[in-house]
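Pasted the sequence and its predicted model underneath.
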Amino acid sequence: MSDREHSLKVFLCFAGISGIGFHSYGKGMDQSWISHGLCSISAYAKKEGYPVELIDLRCLKNWAEFKEIISGTKPDVVGVGMMSVDYNPAMEAIRLIKKTSPKTITVVGGPHPSLMLSEVEKERNIDHIITGEGEISFVELLKDIEKGRRPPRVIRGIVPEDLDQLPFIDRELFRDLEYPLMVEGFDRPFVSLIAGRGCKFNCSFCQPAERILFGRRVRRRTPGNVIGELRQLRKRYHFKSMMIHDDCITEDQPWVVEFCRQYKANGFKQPFACQSRADIICRNEEMVALMKEAGLSLLFIGFESGNQRVLNFLRKGTKVEDNYRAAEICRKYGIKIWANYMMGIPTETKEEVMDTVRMIQAIKPDHYSPAFFTPHPGSDLFSYCEKHGLSLIQSHDSYRRNPKERKIKGIDYEFLRKALWKSMGIEESVLSQGLIWRLKARLAPFFIRHPRMLKMVRRLMTRCGLGGLLVKH
């Protein structure tokens, strides 16, 4: 911890309003997620003596209010996090910063600048771009600015090899804790944490983006370090449920076993969720049973497709039978299933889509999370779509993971919409998809405050064959 407080006025900006808009904070699960990246940068900067404040666009009424904040505070430095989907609001924020306070130094970081540097470099309102991981390099940049040095415009982020050496993230940067998962048993207060960085798998819809961001080697905090953070969160917030937000924490079985041992030994009984893969679940049933005993209540599983050719095309590295067997194992131990799956994948035929429909119908997950395939920057499938002229995406806003828009050429999206409803046990939606989204956005906060009502409504709608209307799309 630094023994002096620096005089620079440092702000971070969360620009994640694409698809949800201004004045959206706290109106649903997606609208309350914190940015672990910004929280980690803030924690490291504060440890080094730099006060940090946040501008969360979700909490503002409009751009006029944003301009008022910049005009009233005249920050020395503003760091803006940029996902691909949030490119437009991030760039508008940076443009307004420069227009309102020309001397403010703008810094951008996050996945999109790291993966699409050539695009971001063209934006002249950006003073510095940090690629890769930003905690250490952002603070080094602040020190350079303070001393009047001229650091390079593009900075490759210094990799923190030992994640245990980073301070616990600064959750209080954001206004409140996150809303819990919309699954029975996950109550407020709810927290999420990240135990590691990177992914060793090679799915074509994701890689090599992960390796560009974090390197080829997966780095992970020790179980004891994660338990230490959870002890702090228990003391501060008395959390009732939590999620480990790693891409695939179960890839490291010894880590999971030791975490479960320490979780129980420290008296934690709160239910938790994490992400896994079907093949890992099938090969490690004993580990799954141990996790259940420790408090695992929900597994996010990337089933992706019910067709083997498509799984191979995606380089998923799993078998269709793994998907079915993994679901059986979850049911055996009473673990709820959050099913991630895609439709509209390049080269996918209608019959192959129906294989996915039949698989999801058979699995009957507790939470459906379908998506129309989106070619995300940095992935091999993004390059495939660009090479073959398939992409229909005209705006960064369309990089959202949702089943509402046409993403690539040669896909019958009306057929996909019907297939999507059918996968959830609904032959035809009686409501327009846009109306369903608006209703869910309005009702989500009520159901999160009153989970028993959600349980009652879900049971009633399931009996009426409309259970899929309550799922997250």
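Looks like it arrived, so ask away. Numbering: from 1, shown residues only.

show me the contacts for the nearest residue to Glu405 once chain neighbours are set aside.
Computed as Cβ to Cβ, 6 or more residues apart in numbering, the closest residue to Glu405 that is not its neighbour in sequence is Ser398, at 5.7 Å. All C-beta spots, glycine's among them, are computed from the backbone N, C-alpha and C. By Cβ atoms under 8 Å, 6 or more residues apart in numbering, the residues touching Ser398 are 85, 374, 405, 407.

Mind putting these into a markdown table with distance to Lys122 and neighbour count?
Shown next, in a markdown table, are those (distance: Cβ to Cβ, whole Å; neighbours: other Cβ atoms under 10 Å):
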| residue | distance to Lys122 | neighbour count |
| --- | --- | --- |
| Val85 | 19 | 24 |
| Thr374 | 23 | 25 |
| Glu405 | 26 | 13 |
| Lys407 | 25 | 24 |
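
would a markdown table of those residues with distance to Gly157, secondary structure and pLDDT be doable?
Output for these, formatted as a markdown table (distance: Cβ to Cβ, whole Å; DSSP: H, G, I helix; E, B strand; the rest coil; pLDDT from 0 to 100):
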| residue | distance to Gly157 | secondary structure | pLDDT |
| --- | --- | --- | --- |
| Val85 | 21 | helix | 96 |
| Thr374 | 26 | coil | 96 |
| Glu405 | 32 | coil | 85 |
| Lys407 | 30 | coil | 95 |
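
My read is that Gly81 contacts Ile34, right?
No. Contact criterion Cβ atoms under 8 Å: Gly81 and Ile34 do not qualify, at 11.3 Å.

State the number of residues packed around His174.
That one is not His; residue 174 is Phe. 21 (other Cβ atoms under 10 Å).

wouldn't it be in contact with Cys39 here?
Yes. Counting by Cβ under 8 Å, Phe174 touches Cys39, with 7.2 Å between them.

can you list the weak-confidence ranges in this structure?
1-4, 403, 428-473 (pLDDT under 70).

measure the residue nearest to the spatial centre of it to Val218 for me?
Of all residues in the chain, the one closest to the mean position by Cα atoms, centre = their mean is His245, 7.8 Å from it. From His245 over to Val218 the distance is 14 Å, taken as Cβ to Cβ, to the nearest Å.

residue contacts, the nearest residue to Ser40 once chain neighbours are set aside?
Nearest non-adjacent residue to Ser40, counting by Cβ to Cβ, 6+ apart: Ile169, 4.9 Å away. Shown in contact with Ile169 (Cβ under 8 Å, 6+ apart): 36, 39-40, 42-43, 193.

Scan the residues you listed and report the most crowded one.
These, ranked by neighbours (other Cβ under 10 Å): first place Ser42, 28 neighbours.

my read: it touches Leu12, true?
Yes. The pair Ser42 / Leu12 is scored as a contact, 6.1 Å apart, by Cβ under 8 Å.

What about the contacts of Ile169, which are in helices?
With helices defined by DSSP state H, the entries of the contacts of Ile169 inside them are 36, 39-40, 42-43.

Show me what the helix or strand hosting Asn323 is packed against.
Asn323 belongs to helix 320-332 when elements are defined using DSSP states H and E. Helix 320-332 makes packing contacts with helix 278-283, helix 285-294, strand 296-304, strand 336-343, helix 350-363 when contacts are defined by 3 or more Cβ pairs under 8 Å, 6 or more residues apart in numbering; DSSP states H and E.

Determine which stretch of those is the most buried.
Most buried of the helices and strands packed on helix 320-332 by mean neighbour count (mean count of other Cβ atoms under 10 Å) is strand 296-304; its value is a mean of 25.

Which of the three states applies to Val191?
Three-state call for Val191 (DSSP: H, G, I helix; E, B strand; the rest coil): strand.

does it really touch Tyr179, like I thought?
No. In this structure, Val191 is not within contact of Tyr179 by Cβ under 8 Å, at 11.1 Å.

For the stretch 351-473 of the chain, just list every one of the helices.
380-387, 413-423, 433-449, 451-463 (DSSP state H, counting those that start in this stretch).

chain center to stretch 103-121: distance?
How far stretch 103-121 lies from its chain's middle: 19 Å, per Cα atoms, centre = their mean, to the nearest Å.

Can you give me the buried ones in it?
104-116, 120 (16 or more other Cβ atoms under 10 Å).

So which of those belong to helices?
Short answer: those in helices (DSSP H) are 111-115, 120.

for the residues you listed, which one is nearest Leu296?
The shortest approach to Leu296 among those belongs to Pro111, at 28.2 Å (Cβ to Cβ).

For the closest one, which non-adjacent residue is spatially closest?
Counting by Cβ to Cβ, 6+ apart, the residue nearest Pro111 is Met83, at 5.6 Å.

quick one, phi/psi of the one you found?
phi -80, psi 160 (degrees, to the nearest 10).

quick one: it and Gly110 touch, right?
Yes. Here Met83 lies in contact with Gly110, judged by Cβ under 8 Å, at a distance of 6.0 Å.

so which of the contacts of Ile169 comes closest to Ser7?
Nearest to Ser7 among these, with distances taken as Cβ to Cβ, is Ser42, at 17.4 Å.

and the gap between the closest one and Cys330?
36 Å.

likewise Asp144?
51 Å.

ditto for Gly110
Plainly put, Gly110 is 33 Å away from Cys330 if you go by Cβ to Cβ.

which of the buried residues of stretch 103-121 lies closest to Met424?
Nearest to Met424 among those, with distances taken as Cβ to Cβ, is Pro111, at 30.1 Å.

was I right about the closest one contacting Asp86?
No. Pro111 is beyond contact range of Asp86, at 9.7 Å (criterion: Cβ under 8 Å).

Wait, Asp247 touches Ala209, no?
No. Using Cβ under 8 Å, Asp247 makes no contact with Ala209, being 11.1 Å away.

returning to that earlier point: which residue of Asp144 and Cys330 possesses the greater neighbour count?
Taking other Cβ under 10 Å, Asp144 and Cys330 do not tie; Cys330 has more neighbours (24 against 15).

In contact with Glu427, which residues are there?
Glu427 touches Trp421, counting by Cβ under 8 Å, 6+ apart.

whoops, I mixed them up, His238
With Cβ under 8 Å, 6+ apart, His238 has these contacts: Pro189.

for Asn125, what are its contacts?
Counting by Cβ under 8 Å, 6+ apart, Asn125 has contacts 91, 94-95, 97-98, 106.

Could you rerun that using 7 Å?
94-95, 98, 106 (Cβ atoms under 7 Å, 6 or more residues apart in numbering).

Tell me which two of those sit farthest apart.
Arg95 and Thr106 (9.4 Å).

can I assume Ala45 is in contact with Val52?
Yes. If you go by Cβ atoms under 7 Å, Ala45 and Val52 touch, sitting 5.1 Å apart.

Find the residues that touch each one of those two.
In contact with both Ala45 and Val52: Val10, using Cβ under 7 Å, 6+ apart.

Give me the distance from stretch 341-349 to the chain's centre.
The answer for stretch 341-349 is 22 Å, by Cα atoms, centre = their mean.

again, but for stretch 124-139
Relative to its chain's centre, stretch 124-139 lies at 21 Å (Cα atoms, centre = their mean).

now do stretch 287-307
18 Å.

ends of that stretch, how far apart?
End-to-end distance for stretch 287-307: 27 Å, by Cα to Cα, to the nearest Å.

thinking again about what came up before, among the contacts of Ile169, which one sits closest to Arg231?
Leu193 (12.1 Å).
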